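A.B. asks: here is my input; please provide its structure:
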Amino acid sequence: MEYIFPGAMAAMLIKILLNDRLAVAMIILLGSYGTIIFNGDTPGNLDFSMGLYIIFGD
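C.D. replies: Now for the predicted structure:
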């Protein structure tokens, strides 16, 4: 489920509609939210690999 998260779509829409800096800030924010939301199989509170996937997979 977490591998179909449309983080790239959000960044592209913000870049087209607003500006580059806001798009970069949004993808970092989505990556940090993804570490918390998609923490299904790892012990602890954060899943850093999923956050990195959302940030750098775009």
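A.B. asks: please enumerate the helices of this protein.
C.D. replies: 7-17, 20-37, 48-56 (DSSP state H).
A.B. asks: now the shortest one: average pLDDT?
C.D. replies: Think helix 48-56. Helix 48-56 shows a mean pLDDT of 82 in the predicted model.
A.B. asks: could I get the buried residue list for that helix?
C.D. replies: 50-51, 53-55 (16 or more other Cβ atoms under 10 Å). Quick note: C-beta positions are derived from backbone N, CA and C, even for glycine.
A.B. asks: how about low-confidence regions in the protein?
C.D. replies: 1-5, 58 (pLDDT under 70).
A.B. asks: most distant residue from the middle of it?
C.D. replies: Pro43 (20.1 Å; Cα atoms, centre = their mean).
A.B. asks: still on that earlier bit, can you tell me which of the helices of the chain is most buried?
C.D. replies: Counting by mean count of other Cβ atoms under 10 Å, helix 48-56 has the highest mean neighbour count of the helices of the chain, with a mean of 17.
A.B. asks: list the helices and strands it packs on?
C.D. replies: If you count contacts as 3 or more Cβ pairs under 8 Å, 6 or more residues apart in numbering; DSSP states H and E, helix 48-56 packs onto helix 20-37.
A.B. asks: could you redo the last one with a cut-off of 10 Å?
C.D. replies: helix 7-17, helix 20-37 (3 or more Cβ pairs under 10 Å, 6 or more residues apart in numbering; DSSP states H and E).
A.B. asks: quick one: the last one to chain centroid distance?
C.D. replies: In terms of Cα atoms, centre = their mean, to the nearest Å, the centre of helix 20-37 is found 5 Å from the chain centre.
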